[in-house]
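K.L.:
no sequence for this one, just the structure:
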């Protein structure tokens, strides 16, 4: 750090932005914008693909094809954002051609981004940002993505595949012995087990690493005393990302690791076990802050070895309903008449706000943590409650604004309750929360 003043790092969740900003001076949105601008460094997750709809729509959209105009980047930069995570399950909504167009636009605009690349090495690498108060390195990865969207390694004789920085994981389902026997009988009687063994014999498959594992319909089961789900990050990806965290540690004052992950534990507000394993490993390797996003709602905060882990900051902008163009695949997937306009498609899909995101207020509330870092350590965190306007018309909701009064207090109390199981104590003071780490 320089001049012995703390570096203020502002963190936000998913920016699903499809409209230009429009708010009068002094409005709650403008107040939030000023707060972001006043930070020394500000981070957001670029959940849209702002490449002017270039490329070809992919069948697997992650729920919505989130294409956007390229000026979205300019709007976010104007709001004060410096660091952009780009590894998400929407990164390849417009296939490889769309991804390459996005990379070209980001590079021409000169913004600091990480998480996607023309090959795996590029996607893995950190980006570095120098501010007057110190340098910040940021890595971005995703555990939620469709097969083939992850970047691949380049060889001396073959190009790598453009894509995102993957954090793959393994899942094992523990079932009772009698339940496992039932699965074996089903596999035998349907011919599934014979087909699996034939694939191995033909060289297109492999037996499980452990004889205790029984593969069934692309899932792994084993006998146990009680039913449970176990998830672990794949060592290859975990070690590779850790290598770049150590590299970043040697080159920057602050190291930030971003993870886009939808995977859950017992409910959407609890992260899957492998996410916590990953976050702890990143801090062990030298990260100062781990920030998560993906499920579009808040998850709790943990302080591990004096370093903050935000398991999900939810939505910061939530304007997916205002996406200008929707590919035909989306109409087919959601069984909607293709003659309908995009707004009608969302209205029908969400049953006039009676289901989906509009029906649950949790998707329209978030917090913006402002981390104070001095001499390479987080000393304090200010938690700023933010509303996205739940219940407003679709063209108004989704734009963040400072929450106030009873709503601000309710958001902070909910975030404190989500964080309490990790041993994190958030002190509430009016319309702000505080975490002391010094």
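P.N.:
The structure has been received and is ready for your questions. Note that the structure is a prediction, hence the values are computed from the model and not measured. Residues are numbered from 1 along each chain as shown.

K.L.:
ok, residue 60 - contacts?
P.N.:
Residues near residue 60 by CB atoms under 8 Å, 6 or more residues apart in numbering: 146, 149. To be clear about C-beta, it is placed using only N, CA and C from the backbone, and glycine gets the same treatment.

K.L.:
SS state for it?
P.N.:
Put simply, residue 60 is coil when judged by DSSP: H, G, I helix; E, B strand; the rest coil.

K.L.:
separation between it and residue 114?
P.N.:
Between residue 60 and residue 114 the distance is 23 Å, computed by CB to CB, to the nearest Å.

K.L.:
could you pull out the helices for the stretch 1-150 of the chain?
P.N.:
Using DSSP state H, counting those that start in this stretch, the helices found in the stretch 1-150 of the chain span residues 28-38, 71-79, 95-109, 120-124.

K.L.:
contacting residues for the residue nearest the centre of the chain?
P.N.:
Against the mean C-alpha coordinate of the chain, by CA atoms, centre = their mean, the closest residue is residue 260 at 2.2 Å. By CB under 8 Å, 6+ apart, residue 260 lies in contact with 45, 85, 87-89, 140-144, 292-294.

K.L.:
run through the bridge partners of it.
P.N.:
Beta bridges link residue 260 to residue 142, residue 293 when assigned by DSSP bridges.

K.L.:
just name the most buried of the helices of the stretch 1-150 of the chain.
P.N.:
helix 120-124 (a mean of 21; mean count of other CB atoms under 10 Å).

K.L.:
so which elements touch that one?
P.N.:
In terms of contacts (3 or more CB pairs under 8 Å, 6 or more residues apart in numbering; DSSP states H and E), helix 120-124 is packed against strand 116-117, strand 163-164, helix 235-249.

K.L.:
for those, which one sits closest to residue 71?
P.N.:
strand 116-117 (19.6 Å; CB to CB).

K.L.:
rounded mean pLDDT for the closest one, please.
P.N.:
Confidence over strand 116-117 (mean pLDDT, whole number) is 98.

K.L.:
that strand pairs with which strands?
P.N.:
Sheet pairing for strand 116-117, assigned by DSSP bridges, gives strand 163-164 (antiparallel).

K.L.:
now do the contacts for the residue lying closest to residue 402 once chain neighbours are set aside.
P.N.:
Of all residues beyond its chain neighbours, the one nearest residue 402 is residue 28 (4.5 Å), with distances taken as CB to CB, 6 or more residues apart in numbering. The contact partners of residue 28, by CB under 8 Å, 6+ apart, come to 387, 401-404.

K.L.:
again with residue 346
P.N.:
Counting by CB under 8 Å, 6+ apart, residue 346 touches 321, 394.

K.L.:
and the closest residue to residue 154 other than its chain neighbours, backbone torsions?
P.N.:
Counting by CB to CB, 6+ apart, residue 160 is the residue found nearest to residue 154 once chain neighbours are left out, at 3.6 Å. Dihedral pair for residue 160: phi -80, psi 170, per degrees, to the nearest 10.

K.L.:
residues contacting residue 160?
P.N.:
Residue 160 makes contact with 118-121, 151-154, according to CB under 8 Å, 6+ apart.

K.L.:
weed out the non-buried ones from the residues you listed.
P.N.:
The neighbour-count criterion (16 or more other CB atoms under 10 Å) marks 118-120, 151-152 among these as buried.

K.L.:
any low-confidence regions in the stretch 201-350 of the chain?
P.N.:
By pLDDT under 70, the stretch 201-350 of the chain contains no weakly predicted segment.

K.L.:
distance check, the nearest residue to residue 345 once chain neighbours are set aside against residue 330.
P.N.:
Of all residues not flanking residue 345 in the chain, residue 336 sits nearest, at 5.1 Å (CB to CB, 6+ apart). With the distance defined as CB to CB, residue 336 ends up 8 Å from residue 330.

K.L.:
shared neighbours of the two, anything?
P.N.:
With CB under 8 Å, 6+ apart, residue 336 and residue 330 have common neighbours residue 345.

K.L.:
name the residue in the two with the higher neighbour count.
P.N.:
Legend: neighbour count by other CB atoms under 10 Å for residue 336 and residue 330, higher for residue 330 (20 against 17).

K.L.:
and the gap between the closest residue to that one other than its chain neighbours and residue 13?
P.N.:
Among residues not flanking residue 330 along the chain, residue 65 sits closest, at 5.8 Å (CB to CB, 6+ apart). Residue 65 is 20 Å from residue 13, where distance means CB to CB.

K.L.:
show me which of the two is the more surrounded one.
P.N.:
More crowded of residue 65 and residue 13, by other CB under 10 Å: residue 13, with 31 against 22.

K.L.:
could you pull out the strands for the stretch 151-300 of the chain?
P.N.:
Secondary structure of the stretch 151-300 of the chain (DSSP state E, counting those that start in this stretch): strands located at 163-164, 169-175, 214-216, 219-223, 228-233, 254-260, 289-293.

K.L.:
quick one, which of these is nearest to residue 188?
P.N.:
Ranking the strands of the stretch 151-300 of the chain by proximity to residue 188 (CB to CB) places strand 214-216 first, at 10.8 Å.

K.L.:
which helices and strands sit right next to that closest one?
P.N.:
Packed next to strand 214-216, using 3+ CB pairs under 8 Å, 6+ apart, are helix 177-189, strand 219-223.
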